[in-house]
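Peer 1: let me see the structure of the following:
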Amino acid sequence: MDSSEDISKLMGFGGFGKKARTFDLDAIFEQTRRTAIERSHKAQGSEDAEGTAFAAVPSSSISPQSNIAVFRNEVSGKEGASDEDSGDSDEEIGPPLPANISAEDEDEEQEEEEVLHHRKIPNSHEIVLQHGDKIISAIAWDPSGARVATGGYDYDVCLWDFAGMDASLRSFRTFRPCESHQIRSLQYSITGDCILIAAGNAQAKVLDRDGFEILECIKGDQYINDMAKTKGHVGMLNCGCWHPRDKEEFMTCSIDTTVRLWHIENGKQHKAVIKPRSKQGRPTIPTTCIYTADGKLVAAGCQDGSIQMWDHRKNFVNTAMVNRNAHQLGTDMSSLCFSYDGLCLASRGCDDTLKLWDMRKMKSPLHVAGNLENVFPMTDCLFSPDDKLIVTGTSVRRGEGVGQLLFFDRDTFSVVTEMDVAENASVVRCVWHPKLNQIMVGTADGNAKVYYDPDLSHRGAKLCVVKTKLKRAQIQFLADDPIITPHALPMFKEERLKSTKKIKEKARADPIKSHRPDMPFHGAGAGGRLGSSGGTLASYISKKYALQRPIESSLDPREAIIRHAKEAEENPMWTTAYHKTQPKAVFQQIEEDKEGEEEPLPPWKKKKL
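Peer 2: Residues are numbered from 1 along each chain as shown. As a prediction, this is how the structure comes out:
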């Protein structure tokens with residue numbers, strides 16, 4: 001027996017044909033394993049070891065990627081020979097199907113696969129992280145899945161730690177990194193030790209895991225026309241992202257019509273600058289930017305509706321790939337996302353469309369989905385971890401509907417699942433973590449929702465929902481509790497009243513506590529109180545002194561005043577305090593003019609000698 005016959009027997013088929021049968025590998029491997037185990041038990045007492053020897057592959061070692069099941073041809077016997085003959089006649093390729101698997105079973109398995117296709121979406125459970133009351137415009141999930149950062153239009157960034165949270169779901173830190181600027185983009189580095197923040201200002205920031213600043217990019221000179229000559233951005237940032245292979249390089253795009261590459265060790269000047277151009281050669285604004293999975297291409301979605309790509313290994317002068325009519329002219333492109341295999345590109349635009357592109361043929365899209373309302377310039381689109389689904393969110397007007405998260409099949413672009421997320425609130429940001437298999441959605445009402453499945457998901461939100469909410473110990477004290485001293489003197493002892501009724505009765509018996517306030521006084525004064533007209537000092541003096549002794553009308557007023565001069569000098573009423581210390585008035589005495597003498601001239605009229 002030559003080597004080719006041995007291989008054919010080991011593989012379980014007798015010839016090659018033109019047509020391949022579609023079959024379920026998992027069912028074949030499981031049936032083969034069971035058959036091998038049953039025949040091994042029967043063959044233990046047999047003397048012929050060669051006819052009964054075989055290799056049974058355990059189910060734990062079989063993976064979907066492996067297509068080989070090792071067993072002896074002697075095990076199959078006549079059934080294997082009949083299957084080989086039928087395979088040769090039908091010109092089929094591959095190992096024979098088990099005898100108990102029929103065409104009806106294959107149809108049932110296909111239906112089960114479709115059900116499992118829907119079941120792969122982890123949306124059975126959810127938790128809500130309350131960021132604030134404004135739009136969540138940025139979400140970042142670190143590669144390990146332990147922490148999440150959220151940013152919004154309220155200028156705040158919240159850091160969440162799933163392992164450290166309890167059922168209260170509170171963030172461990174909230175801070176404002178860019179003062180009064182909206183957070184546009186957040187992303188963790190590939191190692192998870194840095195966070196890139198692109199806000200409404202012109203300077204991107206790099207923070208550590210705890211939110212402390214590491215780097216702040218420099219701002220360019222806004223009076224220079226050539227943006228390549230400035231060291232940094234001069235306008236509001238739109239997006240920022242890290243290099244997928246180099247942990248020290250990141251990229252930002254701005255409304256100053258440039259895309260800039262930075263190095264974390266040098267924030268005083270950009271590493272490279274890219275200037276996207278429109279079809280007419282004019283500068284156009286990039287609204288989103290992204291690297292490919294291998295970092296060899298840099299892609300940017302521009303405001304003129306174009307998708308432009310540059311080779312990272314060359315000078316960023318000429319584009320490597322470009323599509324000028326990717327989306328509607330004059331609308332923002334909210335998101336670009338490359339598939340995990342690097343063959344497709346998904347783009348989401350404010351023209352209410354979602355498009356799928358083939359990287360090998362960028363002239364026209366593979367699929368287009370329309371009527372997906374989008375009013376935010378940062379609405380996400382992404383691929384599922386298995387690259388079979390494309391996910392995006394929809395926007396709603398205030399009070400007009402429900403914000404949804406839509407799942408599209410990559411091959412047919414049909415809607416697989418429509419998931420209602422928030423009532424009267426748009427779905428803005430969404431992230432599907434490949435390791436945790438959990439989906440996080442940021443909405444316009446300030447809430448971040450995490451969807452997971454207890455069977456399909458791992459760690460993440462499952463860690464904090466099982467922890468009970470910690471109760472703080474409350475200090476109980478009585479503010480008005482009297483101090484009781486058993487050996488106090490009788491004069492200091494206070495009677496302890498047990499009921500409020502007795503307290504009110506005692507207060508009513510007290511004349512001071514139960515005294516009614518005096519009512520306003522009207523009319524003439526009495527009992528030391530003045531009427532309404534005598535409330536001022538002037539009225540009081542006029543009543544007490546002037547009106548009681550009125551001046552006679554026949555008396556001269558000057559004489560009436562002078563007659564009291566001597567009495568006022570001897571016994572002053574109003575200046576008694578100054579009676580002894582009152583200074584004496586000194587007046588100039590005028591001498592009588594001498595006859596015949598001329599008056600002396602003033603000094604300024606005298607003649608100079």
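Peer 1: any idea how far apart the tips of stretch 382-393 sit?
Peer 2: End-to-end distance of stretch 382-393: 10 Å, with Cα to Cα, to the nearest Å as the criterion.
Peer 1: quick one: the helices in the stretch 51-200 of the chain?
Peer 2: Taking DSSP state H, counting those that start in this stretch as the test, the helices found in the stretch 51-200 of the chain are 73-90, 103-119.
Peer 1: worst mean pLDDT among the ones you listed?
Peer 2: Here the lowest mean pLDDT among the helices of the stretch 51-200 of the chain goes to helix 73-90, at a mean of 40.
Peer 1: now the helices: where do they sit in the protein?
Peer 2: 3-11, 25-42, 49-52, 73-90, 103-119, 461-465, 500-509, 537-541, 557-562, 565-570 (DSSP state H).
Peer 1: quick one, what contacts the closest residue in space to G145 that isn't next to it in sequence?
Peer 2: Distance criterion Cβ to Cβ, 6 or more residues apart in numbering; nearest residue to G145, sequence neighbours excluded, is L436 at 4.3 Å. For every residue, glycine as well, the C-beta is placed using N, CA and C. Residues near L436 by Cβ atoms under 8 Å, 6 or more residues apart in numbering: 145, 452, 457-460.
Peer 1: just C194 next, same as before
Peer 2: With Cβ under 8 Å, 6+ apart, C194 has these contacts: 188, 206-209, 214, 242, 247, 264.
Peer 1: what comes up buried for stretch 284-294?
Peer 2: 284-292 (16 or more other Cβ atoms under 10 Å).
Peer 1: ok, stretch 429-438 next?
Peer 2: Buried, per 16+ other Cβ under 10 Å, within stretch 429-438: 429-433, 436-438.
Peer 1: what is the most widely separated pair among those?
Peer 2: R429 and N437 (18.2 Å; Cβ to Cβ).
Peer 1: distance of the nearest residue to A163 once chain neighbours are set aside from I136?
Peer 2: Distances taken as Cβ to Cβ, 6+ apart place L463 nearest to A163, at 5.5 Å, with adjacent residues excluded. From L463 across to I136, the span is 22 Å (Cβ to Cβ, to the nearest Å).
Peer 1: which two among the contacts of L436 are spaced furthest apart?
Peer 2: G145 and Y452 (11.1 Å).
Peer 1: mind checking pLDDT for the closest residue to K275 other than its chain neighbours?
Peer 2: Nearest residue to K275 in three dimensions, chain neighbours excluded: T258, at 5.7 Å (Cβ to Cβ, 6+ apart). Model confidence at T258, given as pLDDT, is 94.
Peer 1: isn't T258 up against D226?
Peer 2: No. Assessed by Cβ atoms under 8 Å, T258 is found out of contact with D226, at 10.4 Å.
Peer 1: compare these two (neighbour count), which wins?
Peer 2: Neighbour count, other Cβ atoms under 10 Å: between T258 and D226, T258 has more, with 24 against 7.
Peer 1: thinking again about what came up before, neighbour-wise, give me the winner out of the contacts of C194.
Peer 2: W242 (23 neighbours).
Peer 1: is that residue bridged to anything, and to what?
Peer 2: F250 (DSSP bridges).
Peer 1: how near is it to P276?
Peer 2: For W242, the distance to P276 - Cβ to Cβ - is 20 Å.
Peer 1: wait, the residue nearest to A163 touches F162, no?
Peer 2: Yes. L463 is within contact range of F162, at 5.0 Å (criterion: Cβ under 8 Å).
Peer 1: of the two, which one has the most company?
Peer 2: Neighbour count, other Cβ under 10 Å: between L463 and F162, F162 has more, with 21 against 17.
Peer 1: show the pLDDT at the more buried one.
Peer 2: For F162, pLDDT reads 90.
Peer 1: so it sits against A461, correct?
Peer 2: Yes. F162 is within contact range of A461, at 6.4 Å (criterion: Cβ under 8 Å).
Peer 1: and C239, how many neighbours does it have?
Peer 2: C239: 26 neighbours (other Cβ under 10 Å).
Peer 1: OK, contacts around it?
Peer 2: 184-185, 198, 252-253, 286-289, 378.
Peer 1: report how many residues lie close to N225.
Peer 2: When neighbours are defined as other Cβ under 10 Å, N225 has 6 of them.
Peer 1: and the gap between D161 and T174?
Peer 2: Counting by Cβ to Cβ - D161 and T174 are separated by 13 Å.
Peer 1: average model confidence for stretch 173-192?
Peer 2: pLDDT averaged over stretch 173-192 gives 92.
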